[in-house]
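**Q** with the input below, show me the fold.
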Amino acid sequence: MLLYSKNYKETHENKQALQQEIPQDTSGPHADELDFLWLEITAQCNLSCVHCYADSSPSRALHGSLDLEDWLDALRQAADLGCKKVQFIGGEPTLHPGLSTLIASARELGFTTVEVFTNGTLFTEALKNSFLHHHIHLAFSVYSAQADVHDAVTQKKGSFAKTMTSLQWAIGCGLPVRVAAVQMETNAGDLEQTKKMLTEMGVASMSSGHLRRIGRGARGKKSEPCFDELCGRCWQQKLCLTANGEIYPCVFARFYPIGNLSQGLGYVLDGPERSAFRAALLAAQSQQRGNTHARSCACEPDFPPVPCDPDLGPVPCDPDLVPVPCDPDLVPVPCDPDLVPVPCDPDLVPVPCDPDLVPVPCDPDLVPVPCEPALGMESQTIPNRLWG
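**A** Just a heads-up that it's a prediction; the model follows:
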């Protein structure tokens, strides 16, 4: 039977005191639905990256309090809540002996997006067969185009070569592949060279983010609570389940557990702790608006933005819908009260989806304007996430 962790008990009273001082309006768009689930199936990693937010390393335990049946049950609960996207993370998820079983279960349950976030240094033939059979999305961590710099980040000589070998294999097999990097002092100045190398390899989706003051990234600085390290949308339709059963609203919100798997994902998703987290986050954001030193964090840290794809349905402009992933390097749609709103008329021809056109003004009182890529446009593009 799963039990609350000591950390959860110790922080509960502090959070109750905080809740009395923050706004309690926790209404929001589809706040009680689950769209995306992180499963942190192990805290152990064969590398010891200097910035790791989870403080993973070879010395951490391979298994927490959750066994394979618990992870399978979590997948079933998420599927029952309508969740269609799951990402297996760690630590290093390929260390977990049950990863292939969990991948197969996710597909059987109808998850449409199944991704493994990995350093790519431990791919066995059995894992490769599982990835290919279930057409798994793979996300790799690459920190530099130079082996010595990458290895300095991971603190493991030879890790760059192994990661590149697995990345090339995945690309060659046609699996959906993307690469994520973290910019820090160790790899400062390598970003453009790394981008060039990955593009030449055939990586189409690349992202980069700043070092977050969480886990080893805190580097001895005070990091709790650190709402300024969060994107601001952690509470929206996401949950992160860790190997000890604790649940967080985001992988980076580790200072604020909102429940435990023993309570059930549905209860935690709609429970008071998650609502209190959102209220605390809103209060912190309100304070940060007057702080010119507050840093802006990209939301959706583990998934790329929604692409402009003719086969996808149009993205409606609707204040009640969950926002499209926040990306500071993408050109935002201006919300300008001085712009003339587009008239609400179902008989009007849809506005073409064209990045070269002046953006349509955002007006929450208007009926959404459909985005129709097929109208007079030969192609549509959207900038790669977080790349200039």
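
**Q** in stretch 151-165, what's buried?
**A** Across stretch 151-165, burial judged by 16 or more other CB atoms under 10 Å covers 151-154, 156, 159-160, 162-164. C-beta coordinates here come from the backbone N, C-alpha and C atoms, glycine included.

**Q** in strands only, show me those.
**A** Within the buried residues of stretch 151-165, no residue falls in strands by DSSP state E.

**Q** quick check, nearest of those residues to residue 110?
**A** residue 163 (31.2 Å; CB to CB).

**Q** isn't the closest one right up against residue 120?
**A** Yes - because the distance of 4.3 Å satisfies CB atoms under 8 Å, residue 163 is recorded as touching residue 120.

**Q** shared neighbours, these two?
**A** Common neighbours of residue 163 and residue 120 (criterion: CB atoms under 8 Å, 6 or more residues apart in numbering): 140-141.

**Q** what's the longest helix in this protein?
**A** helix 272-288 (DSSP state H).

**Q** show me what counts as buried in it.
**A** With burial defined by 16+ other CB under 10 Å, the residues of helix 272-288 counted as buried are 273-282, 284, 288.

**Q** ends of stretch 58-71, what's the gap?
**A** This stretch, stretch 58-71, spans 22 Å end to end (CA to CA, to the nearest Å).

**Q** my bad, stretch 124-141
**A** Start and end residues of stretch 124-141 are separated by 18 Å (CA to CA).

**Q** contacts for it?
**A** 49, 87, 94, 99-100, 103-104, 107, 113-120, 163, 166-167, 169-170, 173, 175-182, 302.

**Q** let's see it at 6 Å
**A** For stretch 124-141, contacts defined as CB atoms under 6 Å, 6 or more residues apart in numbering pick out 94, 100, 103, 107, 114-117, 119-120, 167, 170, 175-180.

**Q** for it, which positions count as buried?
**A** Across stretch 124-141, burial judged by 16+ other CB under 10 Å covers 127, 130-131, 134, 136-141.

**Q** residue contacts, residue 147?
**A** Counting by CB under 6 Å, 6+ apart, residue 147 makes contact with residue 160.

**Q** state the pLDDT value of it.
**A** The per-residue pLDDT reported for residue 147 equals 98.

**Q** for the stretch 151-300 of the chain, what are the low-confidence residue spans?
**A** For the stretch 151-300 of the chain, the stretches flagged by pLDDT under 70 are 220-225, 235, 288-300.

**Q** can you give me the helices for it?
**A** Secondary structure of the stretch 151-300 of the chain, counting by DSSP state H, counting those that start in this stretch: helices at 159-173, 191-201, 265-269, 272-288.

**Q** for the ones you listed, which one sits closest to residue 65?
**A** With CB to CB as the criterion, residue 65 lies closest to helix 265-269 of the helices of the stretch 151-300 of the chain, at 16.1 Å.

**Q** residue 38: what secondary structure?
**A** Here residue 38 is strand, with the state taken from DSSP: H, G, I helix; E, B strand; the rest coil.

**Q** nearest spatial neighbour of it, chain-adjacent residues omitted?
**A** Of all residues not flanking residue 38 in the chain, residue 240 sits nearest, at 4.0 Å (CB to CB, 6 or more residues apart in numbering).

**Q** tell me what the one you found is bridged to.
**A** residue 38, residue 248 (DSSP bridges).

**Q** now do the contacts for the nearest residue to residue 268 once chain neighbours are set aside.
**A** With sequence-adjacent residues excluded and distances taken as CB to CB, 6+ apart, residue 268 is closest to residue 259, at 3.5 Å. Residue 259 is in contact with 247, 268, 271, 273, counting by CB under 6 Å, 6+ apart.

**Q** also residue 58?
**A** With the criterion set at CB under 6 Å, 6+ apart, residue 58 makes contact with residue 46.

**Q** low pLDDT regions in the stretch 1-150 of the chain?
**A** 1-32.

**Q** sounds good, over and out.
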